[in-house]
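>>> Provided below are the primary sequence and the corresponding predicted coordinates.
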Amino acid sequence: MGGGPGPGASPGVRPPTKRGGRDLGAAVGVGLSLGAVILVSLFTYKPAFLVVIALAVVVGLWELSSRLAERKLIRLPLPPLAVGGAAMVVLGYLRGADGVWLAMALTVLVALLWRMTGPPEDYLRDVTAAVFAAFYVPFLASFVALMLAADDGVERVLTFLILTVVSDTGAYAVGYRLGRRKLAPRISPGKTREGLLGAVLFAMAAGAACTEFLIDDGAWWQGLVLGLGVAVSATLGDLGESMIKRDLGIKDMGRLLPGHGGIMDRLDSLLPTAPVVWLLLLAFVGAG
């Protein structure tokens, strides 16, 4: 089995470049498409962006439910989780934090009752997983809706997205070039301490620019704190998702996005970062 081109291959034509088994061309195309949908809905009509958040929550819950059923035989009560998850996002925008907590409580209650229609075996295991799923996906995502509800909500959400993307980019760029010391080898062997430092520096620089030019009454020094918080939370979110996938024995949470995996593989750093950005902006400049 030689390394030459296979039958039908054109001389001098190389296959699409891949890294880590992923099609980079597909990854870039999907990434740009997702970015366009997010930005167009965000800047055009706030409720349209709420729909994007709610859809991401529902698909993320479906992916998590599917993987738990396949690998651990855990049965999540998906219908009440999906409906309740969408309600958390909408009520977060319309009613603030009180609406999120109310929707969370009702979602968990209905999920407990829904699971009672099934066999009693593994009931406690399944409902514990349901509470985790409700918190991990829709509850954390609802903080994006809380940011969006502010008068300068578009700018706050844009800051949140920019800082998370910049943090991930800084971690990858610096880690790829300079990474030597492993950050958490048992969880994510590819992450390095140098990459974490890159995430912190990139995010702090972007944070200073965003709070100075995008956030009403914001100051550059607040952006430094914001960037540091984002870099830490995004890294922990990525490690947390890696821990879940290692426990499940899978590489990706789904296959919906070519070159990326599933929706949950894109939300890993965003979900835990949303409450951090919301809380820091609330402390620095108020509810808006």
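Right, received. Where do you want to start? Numbering: from 1, shown residues only.
>>> any idea how far residue 245 is from the closest residue to residue 248 other than its chain neighbours?
Among residues not flanking residue 248 along the chain, residue 71 sits closest, at 4.3 Å (Cβ to Cβ, 6 or more residues apart in numbering). Every C-beta, even on glycine, is put in place using the N, C-alpha and C of the backbone. Noted for residue 71: a distance of 10 Å to residue 245, by Cβ to Cβ, to the nearest Å.
>>> for residue 120, same thing?
30 Å.
>>> For those two, indicate the residue with more neighbours.
residue 245 (21 against 8; other Cβ atoms under 10 Å).
>>> Show the residue spans covered by the strands in the stretch 151-288 of the chain.
In the stretch 151-288 of the chain, the strands defined using DSSP state E, counting those that start in this stretch lie at 182-184, 188-192.
>>> Packing partners of the longest one?
Judged by 3 or more Cβ pairs under 8 Å, 6 or more residues apart in numbering; DSSP states H and E, strand 188-192 is in contact with helix 153-178, strand 182-184, helix 220-248.
>>> so that strand versus helix 220-248, what angle?
Strand 188-192 runs at 160 degrees relative to helix 220-248, counting by axes from the mean of the first three to the mean of the last three Cα atoms, to 10 degrees.
>>> for strand 188-192, what is the average pLDDT?
Averaged over strand 188-192, pLDDT sits at 93.
>>> Okay, now the sheet partners of it, with direction.
Strand 188-192 has its sheet partners listed here by DSSP bridges as strand 182-184 (antiparallel).
>>> The partner strand: which residues count as buried?
183-184 (16 or more other Cβ atoms under 10 Å).
>>> Give me the residues contacting it.
189, 191-193, 195-196, 235, 239 (Cβ atoms under 8 Å, 6 or more residues apart in numbering).
>>> repeat for stretch 63-78
61-62, 81, 110-111, 114-115, 118, 122, 125-127, 129-130, 133, 136-137, 248-250, 253-254, 256, 262-264.
>>> Over to residue 258: give its phi and psi.
Here is the backbone geometry of residue 258 (degrees, to the nearest 10): phi -60, psi 130.
>>> Skipping adjacent residues, who's closest to it in space?
Using Cβ to Cβ, 6+ apart, the closest residue to residue 258 is residue 26 (4.0 Å).
>>> Now name the helix or strand holding the one you found.
Per DSSP states H and E, residue 26 falls inside helix 24-44.
>>> from the middle of its chain, how far away would that helix be?
Mean C-alpha position of helix 24-44 versus that of the full chain (Cα atoms, centre = their mean, to the nearest Å) differs by 15 Å.
>>> which parts of it are buried?
The neighbour-count check on helix 24-44 (16+ other Cβ under 10 Å) flags 27, 30, 34, 38, 41-42 as buried.
>>> how close does residue 230 get to residue 142?
18 Å.
>>> out of these two, which sits in the more crowded spot?
residue 230 (33 against 30).
>>> Go ahead and confirm that one touches residue 162.
No - Residue 230 sits out of contact with residue 162 when judged by Cβ atoms under 8 Å, with a separation of 9.4 Å.
>>> just to revisit the earlier point, would you list the helices and strands packed on strand 188-192 in TSV and tack on mean pLDDT?
Shown next, in TSV, are the helices and strands packed on strand 188-192 (pLDDT from 0 to 100):
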stretch	mean pLDDT
helix 153-178	96
strand 182-184	95
helix 220-248	97
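>>> Among those, which comes closest to residue 210?
helix 153-178 (4.3 Å; Cβ to Cβ).
>>> which residues in the stretch 1-150 of the chain form strands?
18-19, 22-23.
>>> Comparing the ones you listed by mean pLDDT, which bottoms out?
Among the strands of the stretch 1-150 of the chain, strand 18-19 scores lowest, at a mean of 46.
>>> and residue 191, how far is that from residue 110?
Going from residue 191 to residue 110 by Cβ to Cβ gives 38 Å.
>>> ok, the two, which is more surrounded?
A count of neighbours by other Cβ under 10 Å puts residue 191 above the other of residue 191 and residue 110, at 22 against 17.
>>> Settle this for me: that one is touching residue 239, isn't it.
Yes - using Cβ under 8 Å, residue 191 is in contact with residue 239, at 7.2 Å.
>>> sorry, back to before: got CSV for the helices and strands packed on strand 188-192, with distance to residue 54 too?
As requested, the helices and strands packed on strand 188-192 are exported to CSV (distance: least, Cβ to Cβ, whole Å):
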stretch, distance to residue 54
helix 153-178, 14
strand 182-184, 32
helix 220-248, 20
